[in-house]
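Participant: Quick one, what's the 3D model for this:
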Amino acid sequence: MALKILQSTDIIGGTFSISLMAMMGTTVLLFLGTGWVSKRWKLPVALAGVVTLIAALHYYDARTIWLAAGQMPTIYRYIDWLITIPLQIVTLYFFIGATATLTAGLFWRLLIVAIMTILARYMGEVGFVNATLGFLLGLAGWLYILGEVFFGKLDEINAKQNNDAVKQGFFWLRLIVTVGWAIYPLTNFVASFAGGLTEGRLSIVYNLSDFVNQIAFGLIILTVAMRESISAR
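Facilitator: Numbering: from 1, shown residues only. I've put the predicted structure just below:
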């Protein structure tokens, strides 16, 4: 099998490599971080590390495919998202749960909606269901999650606690879920209704957005957890 190497002018392949190394580095940092924080913060920090670990495995696979074929089939992205996005929602749940009591019902609602959101987008984008239906169902799922973090139980519980570090962390995590995750329905709309984007441009957008949506997400959780652990000593 011929060795496929990254060409100096292959910016798209370069973003796959950069994302792969960044995800690997962040994963190591987050897993090490579980030993730096108090017991109640270990789970959300570890979950954030699992997210970047899965993303790193995805980027290893994606980089290999790009070098071999010069393309990135849609299904590979959705395999990654089907695992990482629900895991991030679960991580956000346990982030708030580290300092407050949350119901199991909220956990399952958030998890199921997150999974259904990704499945709806995928089926609409590849033509398994009507593109408009898939887009609208995916958009509705994302809006439901935004409703929970802005006006629902997560926001209500966060507002009641006196922990300023957690409140500040929740603000930034909520901002990522709002602004950073907006790239998914936006590109879904462009791909389905606005003539689409080239695979190369789409890959650059997704690869760079993951620095905020996955790496920054995890580092915010680690920062809050460390601040809380240090102040508690």
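
Participant: burial of Arg109, as a residue count?
Facilitator: For Arg109, the tally of surrounding residues (other Cβ atoms under 10 Å) stands at 17. In short, each C-beta sits where N, CA and C put it, glycine included.

Participant: name the element it belongs to?
Facilitator: Using DSSP states H and E, Arg109 sits in helix 104-126.

Participant: For that helix, buried residues please.
Facilitator: 106, 109-110, 113-126 (16 or more other Cβ atoms under 10 Å).

Participant: Can you list the neighbours in contact with that helix?
Facilitator: The contact list for helix 104-126 (Cβ atoms under 8 Å, 6 or more residues apart in numbering) reads 74-75, 78, 81-82, 85-86, 89-90, 92-93, 128-135, 137-138, 140-142, 144-145, 148, 153-154, 184-185, 188, 191-192.

Participant: For these, which PyMOL command selects only the ones that are buried?
Facilitator: Burial among the contacts of helix 104-126 is assessed by 16+ other Cβ under 10 Å; the matching PyMOL selection reads:
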select buried, resi 78+81+82+85+86+89+90+92+93+129+131+134+135+137+138+141+142+144+145+148+153+154+184+185+188+191+192
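
Participant: What distance do you get for Leu106 to Lys42?
Facilitator: Using Cβ to Cβ, to the nearest Å, one gets 21 Å for the distance from Leu106 to Lys42.

Participant: for the longest helix belonging to the chain, packing partners?
Facilitator: Secondary structure of the chain per DSSP state H: the longest helix is helix 39-69. Contact here means 3 or more Cβ pairs under 8 Å, 6 or more residues apart in numbering; DSSP states H and E; on that basis helix 39-69 packs against helix 11-33, helix 74-97, helix 199-210, helix 217-231.
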